[in-house]
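Undergrad: Let's see this in three dimensions:
(one chain, ligands or ions: 4)
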Amino acid sequence: MWLENNLHQALIDNKFELYYQMKIDSVTGVIAGMEALVRWRHPERGFIPPSEFIPVAEETGLIIPLGDWILRTACEQNVKWHKAGHSPLRIAVNLSARQFHNPRLVETICDILAETGMPSRYLELEITEGYLLKNEDYVVGVLQHLRELGVYISIDDFGTGYSSLSQLKRFPVQAVKIDKSFIQGMDSDSSNDSIVKAVIQLAHSMNLKVVAEGVETTAEEGLLRRYGCDEFQGYLFGRPMPAAAFEACLAGMPIIE
Ligand code: G
Ligand code: G
Ligand code: MN
Ligand code: NA
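TA: Numbering: from 1, shown residues only. Ligands and ions are numbered 1, 2, ... in the order given. Modelled structure (predicted):
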């Protein structure tokens, strides 16, 4: 109840902030892109994690204006970094189910890209398997629209839902992000190791890029590299951090136009 009452005011008072976590190209070792992750810092209650307020925002519908703010802020920030002279990178934004099923999604994204001046190919949307399963024809239609726009789509938390890679064939997406529960302890858990290896092989055979999330150790990184995983994300490379700290990481990178 407290959350519900305060979320709306927090949006009005501009109390949300985006953190950014890097994704690393497994071949070159440089930053390949970043994921925007929303944070809410309350003046008295401190940091409230998104796992607590995103579900409430979903239920109340506040995820629509909050989601618009997140998309716009991420695009604005990415354009700023590019204008500051950093190599243009793809920025990933998480979309909740209710956002994805909002009939105005495609229009909203077009507007935000136009207003911020961000080329569509630098926007990535992370969606979860959950919303692919119901209302399939509608979902395929939305994904096709987004693809025509030039937006990149990835399946987040892959492996935690009930869909299989073969089911993904129907959906025009470019990448899968293997859930961190499979990555963690890959080197000690042989079933995780086999699952990750198989997912990478099968995803590649379907021309999908593979991102590993939650990479925390060099042992995990080594195995993922051996299996040909395309990108790494996790505390081993960088935690989610505020824009200024992220920019310092970008400043340490070679400029590739
Ligand atoms: O860093 P982390 O604690 O940020 O994220 C926790 C959960 O909240 C993850 O499942 C993540 O996908 C979700 N989350 C974080 N930021 C956003 C966001 O901007 N939009 C949506 N819909 N979910 C987010
Ligand atoms: O569900 P989604 O993938 O969008 O959210 C990513 C979540 O994973 C965020 O809460 C983020 O802070 C967290 N995260 C990112 N890297 C790591 C990691 O290496 N280890 C752990 N435990 N969590 C991570
Ligand atoms: Mn994500
Ligand atoms: Na995830």
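Undergrad: in the longest strand that the chain contains, what counts as buried?
TA: Criterion DSSP state E: the longest strand present in the chain is strand 31-42. Using 16 or more other C-beta atoms under 10 Å as the test for burial, strand 31-42 gives 31, 32, 33, 34, 35, 36, 37, 38, 39, 40. Where you see a C-beta, it was placed from the backbone N, CA and C, and this is true even at glycine.
Undergrad: of all the residues you listed, which two lie farthest apart?
TA: By the measure C-beta to C-beta, 32 and 40 form the most distant pair in the buried residues of strand 31-42, at 27.7 Å.
Undergrad: Quick check: pLDDT value at the closest residue to ligand 2 within the stretch 1-150 of the chain.
TA: Closest approach of the stretch 1-150 of the chain to ligand 2 (C-beta to the nearest ligand atom) occurs at residue 94, with a separation of 4.8 Å. As predicted, residue 94 sits at a pLDDT of 98.
Undergrad: Excluding chain neighbours, what is closest to it?
TA: Closest residue to residue 94 apart from its sequence neighbours, by C-beta to C-beta, 6 or more residues apart in numbering: residue 126 at 4.8 Å.
Undergrad: And for that neighbour, the neighbour number?
TA: When neighbours are counted by other C-beta atoms under 10 Å, residue 126 registers 20.
Undergrad: that's a strand at it, yeah?
TA: Yes - Residue 126: assigned to a strand according to DSSP: H, G, I helix; E, B strand; the rest coil.
Undergrad: Test my guess that it contacts residue 93.
TA: Yes - here residue 126 reaches residue 93: they are 6.9 Å apart, a contact under C-beta atoms under 8 Å.
Undergrad: what is in contact with those two at once?
TA: Here residue 126 and residue 93 share the contacting residues residue 35, scored by C-beta atoms under 8 Å, 6 or more residues apart in numbering.
Undergrad: related to what we said a few turns ago, which single one of the buried residues of strand 31-42 is nearest to ligand 3?
TA: residue 35 (5.5 Å; C-beta to the ion).
Undergrad: The one helix or strand in the chain whose mean pLDDT sits lowest vs ligand 1: in contact?
TA: One helix or strand of the chain scores below all others by mean pLDDT, DSSP states H and E: helix 130-133, with a mean of 81. No - contact of helix 130-133 with ligand 1 is not found when judged by C-beta under 6 Å from any ligand atom; the minimum separation is 11.4 Å.
Undergrad: And the next helix or strand past that helix?
TA: helix 136-149 (DSSP states H and E).
Undergrad: What is the top helix by length along the chain packed up against?
TA: Identified as the longest helix of the chain according to DSSP state H is helix 63-83. With contacts defined as 3 or more C-beta pairs under 8 Å, 6 or more residues apart in numbering; DSSP states H and E, helix 63-83 has these neighbours: helix 2-12, strand 16-25, strand 31-42, helix 50-60, strand 90-94, helix 97-100, helix 105-116, helix 243-251.
Undergrad: ok and the residue in the stretch 151-257 of the chain nearest ligand 1?
TA: Distances between the stretch 151-257 of the chain and ligand 1 by C-beta to the nearest ligand atom are smallest at residue 240, namely 5.2 Å.
Undergrad: quick one: contacts for that residue?
TA: 19, 20, 21, 35, 37.
Undergrad: Format the residues you listed as a markdown table; extra columns: pLDDT.
TA: Below are the contacts of residue 240 laid out as a markdown table (pLDDT from 0 to 100):
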| residue | pLDDT |
| --- | --- |
| 19 | 98 |
| 20 | 98 |
| 21 | 98 |
| 35 | 98 |
| 37 | 98 |
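Undergrad: tell me the two of these that are most distant?
TA: The most widely separated members of these, counting by C-beta to C-beta, are 19 and 35 (9.0 Å).
Undergrad: returning to that earlier point: I'd like the distance between the residue of the stretch 151-257 of the chain closest to ligand 1 and residue 192.
TA: Using C-beta to C-beta, to the nearest Å, one gets 23 Å for the distance from residue 240 to residue 192.
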